[in-house]
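Engineer: turn this into a structure:
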Amino acid sequence: MPPAISTGARLSVPQCRAASVRRRTMQGLRAAPPALLLLLLLVVPARPGALVLAAAGAERELRPGSRAAAAAARLALHYLNGQAAAPAALLALGQVRKATLKSIPDSGNKYYLHFTTEDYKSGESAGSCLATVLYPKAKSPPAVNIKCTRTQDQKQIQEADNRLYQKIRHQTKPIIGSNIPDSYGNIQPALEPVWALAVAGSSYIMWEKSTEHLGYFMAQVKAVKQWLRKDDFVEFDYTVLLHEVPTQEIISCHMRLTWLPAHPLKVKYFCASESQGLEEASGLESGSAAEVAHGREANF
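Structural biologist: Presented below is the predicted three-dimensional model:
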C-alpha cells in the first residue's frame, strides 16, 4: 500500500499523476459493466496453479496442426463436395492455416477456419477455403458454411463430370465390382468413375454421422452393382467401408446412389458397425438442404 498523504501536504508532480490515475481507474471499474470486468479477469495473468475459466462466447485460437482443427476442416470439405455433387471436382484437405474456436451458449462449439485444399485425385494444390463449422449440442448434423477459391474453373469441372458420366452410361453391361481399391491400393481404370461416385456419395454419410469427437474417412468400396435405368440417371448399390477416428473402428454402410451431372446426388443408406450390428438408417430426397459430402483416405 502507498503511504498515506495528509490533506495539508503538498504533492509532487509524480504523486499527483499517480493519485489521478488511481481515481480514474477506480471510477472506471465502478462504472464498468460485468462483461468488461470479466474481460479484465481473463487478460490478467493468474497465479501459478490458479484456474481461470473462459467466458461463454469467448474465442480462443487453436494450433493449426491440431486434430480438432483438421477434423473440422475435413468435415467442411465433406459438406462442400456433397453440395457440389461433382465427382470430378472432389477436394481434399491441404493444410489448416488458421483455426479459432468459439463456445456458443445453448448451441455448441463453432470453428472458424482458413485452410488450403488439394485435388482429391492428383493431390495437386487446388485453392483455399474459409469455413465455419458448428457442432450442435442437439443430435443433428454439423452446420457448415464454406466458401472456396479454386484453381480449376467451373467449365473444366463440368467437362470432367460429363466425361465421367459418359464412361458409365456407355457400359454395355451393368458395372459390378468389389474391393476398390484392392489390398495394394490399386483401382482398375474402368472402375475409377465408380470409385469417384462412391467417395462423393459416402460424404453425405460421413458429414451426417460426424461429431466433434468422431470423424470418418472413406476406406474402401467393398462391393458395387449398377442398376440400369430407362431415364438419364445412373444408379448404384454400394457397400462402403468407413474408417472411424479416433476409435479406429471400421463401419460398413449400404448406400443407394443416383446421379446425373448438374443435379444433386440422391443418397439413401444404412450403416452397421462390425462390433455393434445395425446402427442407423437414413435417406435423402433430391433438393433437400443436406445433399452430400466427402472424405479421403485413398486416392482414386
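
Engineer: so where's the stretch 151-300 of the chain shaky on pLDDT?
Structural biologist: Within the stretch 151-300 of the chain, the segments meeting pLDDT under 70 span 273-300.

Engineer: if we use 90, what do you get?
Structural biologist: 151-157, 167-173, 183-185, 189-190, 193, 204, 228-230, 262, 264-265, 272-300 (pLDDT under 90).

Engineer: all the helices of it, in order from the start?
Structural biologist: 154-169, 192-209 (DSSP state H, counting those that start in this stretch).

Engineer: ok now the first one, how far from the chain's centre?
Structural biologist: Relative to the mean C-alpha coordinate of its chain, helix 154-169 is positioned 26 Å out (Cα atoms, centre = their mean, to the nearest Å).

Engineer: just the buried residues of that helix, please?
Structural biologist: 157, 160-161, 164-165 (16 or more other Cβ atoms under 10 Å). The C-beta positions use only the backbone N, C-alpha and C, and glycine is treated the same way.

Engineer: redo those as JSON lines? Include distance to Ser103.
Structural biologist: Formatted as JSON lines, the buried residues of helix 154-169 follow (distance: Cβ to Cβ, whole Å):
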{"residue": "Ile157", "distance to Ser103": "37"}
{"residue": "Ala160", "distance to Ser103": "41"}
{"residue": "Asp161", "distance to Ser103": "40"}
{"residue": "Leu164", "distance to Ser103": "42"}
{"residue": "Tyr165", "distance to Ser103": "44"}
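
Engineer: can you list the domain ranges for the chain.
Structural biologist: 11-44, 62-283 (automatic domain parsing).

Engineer: of those domains, flag the one that's most buried.
Structural biologist: Ranked by mean neighbour count, the domains of the chain are led by domain 62-283 with a mean of 18 (mean count of other Cβ atoms under 10 Å).

Engineer: so what's Tyr135 up against?
Structural biologist: Contacts for Tyr135 (Cβ atoms under 8 Å, 6 or more residues apart in numbering) come out as 108-111, 142, 211-212.

Engineer: name the nearest of these relative to Glu235.
Structural biologist: For the contacts of Tyr135, the residue nearest Glu235 by Cβ to Cβ is Pro142; the value is 28.1 Å.

Engineer: from the chain's centre, how far out does stretch 78-87 sit?
Structural biologist: With Cα atoms, centre = their mean, you get 12 Å for stretch 78-87.

Engineer: and the strands in the protein?
Structural biologist: 59-62, 91-104, 108-119, 125-136, 143-150, 176-180, 215-227, 234-245, 250-259, 266-273, 277-283 (DSSP state E).

Engineer: please render these as CSV that adds distance to His170 to the earlier fields.
Structural biologist: Formatted as CSV, those follow (distance: least, Cβ to Cβ, whole Å):
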stretch, distance to His170
strand 59-62, 48
strand 91-104, 27
strand 108-119, 25
strand 125-136, 28
strand 143-150, 28
strand 176-180, 16
strand 215-227, 12
strand 234-245, 11
strand 250-259, 15
strand 266-273, 22
strand 277-283, 29
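
Engineer: out of the ones you listed, which is closest to Ile187?
Structural biologist: That would be strand 176-180 among those, by Cβ to Cβ, at 5.7 Å.
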